[in-house]
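have a look at this fold, sequence not included:
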């Protein structure tokens, strides 16, 4: 949360990928959408800060964040605008 606040304060949008090593859908998201040249270029052009929440070991802090966004598991990808305090969009 602090990294998101810092990025927004600097006017930078944030992409947060909540994922897990044992999640097949997470791997598909990564290889078909997130880790492709066009997405990487878009993130670079718009100066995104990219963060990953690794839920492989069911981290309670990540579980709480997922729950806050109406999810109880991964995958979840959030995009925060580069405006302080702006709420994210769920992809």
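Thanks, I have it. Computed from a predicted structure; not experimentally measured. Numbers count the residues shown, from 1 in each chain.

buried sites along the one helix or strand residue 3 maps to?
Using DSSP states H and E, residue 3 sits within helix 2-9. With burial defined by 16 or more other Cβ atoms under 10 Å, the residues of helix 2-9 counted as buried are 4, 7-8. No exception for glycine: its C-beta is placed from N, CA and C like everyone else's.

and the next element down the chain from it?
Assigned by DSSP H and E, the successor of helix 2-9 is strand 14-19.

so which elements touch that following strand?
Applying 3 or more Cβ pairs under 8 Å, 6 or more residues apart in numbering; DSSP states H and E, one finds that strand 14-19 contacts helix 2-9, helix 24-29, strand 49-54, helix 60-68, strand 76-80.

and it, how far out from the chain middle?
1 Å (Cα atoms, centre = their mean, to the nearest Å).

ditto for stretch 35-50
Put simply, stretch 35-50 sits 13 Å off its chain's centre (Cα atoms, centre = their mean).

mind listing what's buried in it?
Neighbour-count burial for stretch 35-50 flags 43, 48-49 (criterion: 16+ other Cβ under 10 Å).

ok, stretch 68-82 next?
74-78, 80, 82.

first-to-last residue distance for that stretch?
Using Cα to Cα, to the nearest Å, the end-to-end distance of stretch 68-82 comes to 20 Å.

got the contact list for that stretch?
The contact list for stretch 68-82, computed with Cβ atoms under 8 Å, 6 or more residues apart in numbering, reads 4, 7-8, 10-20, 23, 25-26, 29, 34, 47, 55, 63, 66, 86-91.

any of those residues buried? List them.
Buried subset of those (neighbour count, 16+ other Cβ under 10 Å): 4, 7-8, 12-20, 23, 26, 29, 34, 55, 63, 66, 88.
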